[in-house]
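Visitor: here's my sequence, what's the structure:
(one chain, ligands or ions: 1)
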Amino acid sequence: MNNKSAIDSKISAQGNSVAHERLLVPEFLRQIMFAQAAASPNREICGLLFGHKGSDYIGQEYIGIPNIATVPNRFVMDPEALISALFAKKGSEHAAHLIGIVHSHPDVQGKSVPSLIDVLGHWSKDTLSIILYRIADTWEMAAYRIDATQLTTQRISVAIVSTGPCG
Ligand SMILES: [Zn+2]
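Guide: Numbers count the residues shown, from 1 in each chain. Predicted structure coming up:
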């Protein structure tokens, strides 16, 4: 899409400021997400990151959701799998909350930022958009707070932690 960069320029990244809060991802979850992304080099993968939000976002569990998009370079979460995953987490007061919507950018090397479609499609304002992107064969992760109504994105830093903070 030749007009993609023009469209993307409509998104205002709020300065280049980075929010104070961070996303903490346990190493085992990073491995799970990157393995799923790496196994799908020609098609975006997507999933949900559950955990807790205090002063930081703390990832605890990742659930991959099938991508049913019928066009390339998009992701559309399978509704049944999506709803099942969300309801499965509603069980108890102590259940982890949805903190991030994850998808990969397998085709555009180094494209770490959300596209306009990503921003417009971000249906949960209180969750992060987490993008798995690659530079050559190395996968990286970027996290953004997104306000789809304002077309704004704010990147937050990601820290990989060796074990889950909650044990
Ligand atoms: Zn995207």
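Visitor: how many neighbours does the closest residue to the ion within the chain have?
Guide: Using CB to the ion, the single residue of the chain nearest to the ion is Asp118, 4.0 Å away. Just so you know, the C-beta spots here come from the backbone N, C-alpha and C atoms, and that holds for glycine as well. Counted with other CB atoms under 10 Å, the neighbours of Asp118 add up to 22.
Visitor: part of a helix, is it?
Guide: Yes: when DSSP: H, G, I helix; E, B strand; the rest coil is applied, Asp118 is found to be in a helix.
Visitor: tell me the secondary structure for Ser84?
Guide: With three-state DSSP as the basis, Ser84 sits in helix.
Visitor: how close does it get to Phe75?
Guide: Using CB to CB, to the nearest Å, one obtains 17 Å as the distance from Ser84 to Phe75.
Visitor: Gln109 now?
Guide: 18 Å.
Visitor: more neighbours, these two?
Guide: For Gln109 versus Phe75, neighbours defined as other CB under 10 Å are more numerous around Phe75 (22 against 12).
Visitor: neighbours of Ser55, how many?
Guide: Neighbours around Ser55, by other CB under 10 Å: 8.
Visitor: mind listing what it touches?
Guide: Counting by CB atoms under 8 Å, 6 or more residues apart in numbering, Ser55 touches Glu21.
Visitor: so it: helix, strand or coil?
Guide: Ser55 carries the three-state label coil when classified by three-state DSSP.
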